[in-house]
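>>> From the sequence below, what's the structure:
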Amino acid sequence: MTFSQKFILTTCRPLLNMLFSWKTQGRENIPATGPLIVVSNHVHVLDPIFLQFSCPRWIIFLAKEELFRSRVLGFWIRWARCLPVRRAGHISEKQKMLDMVRGVLEEGGVLGMFPEGRRSRDGKLSKGKPGPAVIALKAGVSLLPVGIIGTDKVRGISWLWKRHRVVINIGKPFKLAPMDGRLSKSRMQSLTTQLMEQIAALLPPEYRGDYAKPEG
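Down below sits the predicted model:
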């Protein structure tokens, strides 16, 4: 973590504490060193901020390429070392993104990914995409599941004085079982389900959406 990153986290934390009643659970589950992929549900633009302030290590997030075009926001996400993702990019562009991801992990860094691919409109966990699971499997690195609870209530401008309650629930790191041969579509789906169920387990039943298990 650079000096400027430490400075921002230190100086902005009081503001976050003033605006929200929030807490982190399971902080002790975060490995102190080594490559790691943080995977979480995603319901609000504030989710990456809460994740970063909950982690003692700097998280490098993947962000859609359009955000980099903004003069103000683009400056901040570049400063944060976010990696651009073009959803409909060519194979060469996707390979370039994968190379950047691999570089972060080879340096022992922490990568932040939202497997749903976009924010959930109703706050419930939606179907995950295979990217994070495939990257973790091929790189042989651990995944750290996180459940974010409460940011779906942050709407309009009322949050400025309501101090919504937000909980960042951090689970234990895990690795996907290695496999030999070609990574089939069904295998990718199975790995993604395994990953998403780890996130769902950190959320209240009403937030689990597509990964809610039937009662009984």
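>>> Break down this structure into its strands, ranges please.
21-25, 36-40, 59-64, 83-85, 110-113, 142-149, 165-170 (DSSP state E).
>>> Hmm, residue 128 is touching residue 115, no?
Yes: using Cβ atoms under 8 Å as the test, residue 128 is close enough to residue 115 to be in contact (3.8 Å). Just so you know, the C-beta spots here come from the backbone N, C-alpha and C atoms, and that holds for glycine as well.
>>> Common neighbours of those two, please.
With contacts defined as Cβ atoms under 8 Å, 6 or more residues apart in numbering, the residues adjacent to both residue 128 and residue 115 are 192, 195, 196.
>>> Any stretches of the chain with poor pLDDT?
By pLDDT under 70, the low-scoring segments of the chain are 87-91, 158-160, 180-181, 215-216.
>>> rerun at 80
Counting by pLDDT under 80, the chain contains low-confidence residues at 65-68, 70-73, 86-95, 155-162, 178-183, 214-216.
>>> quick one, helices of it?
Assigned helices in the chain, in chain order: 3-19, 47-54, 71-79, 91-106, 131-139, 159-162, 185-200 (criterion: DSSP state H).
>>> between those, which one is nearest to residue 123?
Residue 123 sits nearest to helix 47-54 of all the helices of the chain, at 11.4 Å, using Cβ to Cβ.
>>> OK, contacts around the residue nearest to residue 33 when sequence neighbours are not counted?
For residue 33, ignoring the flanking residues on the chain, the nearest one in space by Cβ to Cβ, 6 or more residues apart in numbering is residue 108 at 6.5 Å. Listed by Cβ under 8 Å, 6+ apart, the contact set of residue 108 reads 33, 34, 35.
>>> try it again with 10 Å
With contacts defined as Cβ atoms under 10 Å, 6 or more residues apart in numbering, residue 108 is in contact with 33, 34, 35, 36, 57, 141.
>>> now do residue 112
Residue 112 touches 36-40, 47-48, 51-52, 55, 58-63, 80, 82-83, 132, 144, 146, counting by Cβ under 10 Å, 6+ apart.
>>> still on that earlier bit, which one of the strands of the chain lies nearest to residue 187?
Checking the strands of the chain against residue 187 by Cβ to Cβ gives strand 142-149 as the closest, at 16.2 Å.
>>> so what secondary structure elements neighbour that closest one?
Judged by 3 or more Cβ pairs under 10 Å, 6 or more residues apart in numbering; DSSP states H and E, strand 142-149 is in contact with strand 21-25, strand 36-40, helix 47-54, strand 110-113, helix 131-139, strand 165-170, helix 185-200.
>>> and the ones you listed as JSON lines, adding distance to residue 178?
What follows is the helices and strands packed on strand 142-149, written out as JSON lines (distance: least, Cβ to Cβ, whole Å):
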{"stretch": "strand 21-25", "distance to residue 178": "30"}
{"stretch": "strand 36-40", "distance to residue 178": "16"}
{"stretch": "helix 47-54", "distance to residue 178": "27"}
{"stretch": "strand 110-113", "distance to residue 178": "19"}
{"stretch": "helix 131-139", "distance to residue 178": "7"}
{"stretch": "strand 165-170", "distance to residue 178": "25"}
{"stretch": "helix 185-200", "distance to residue 178": "11"}
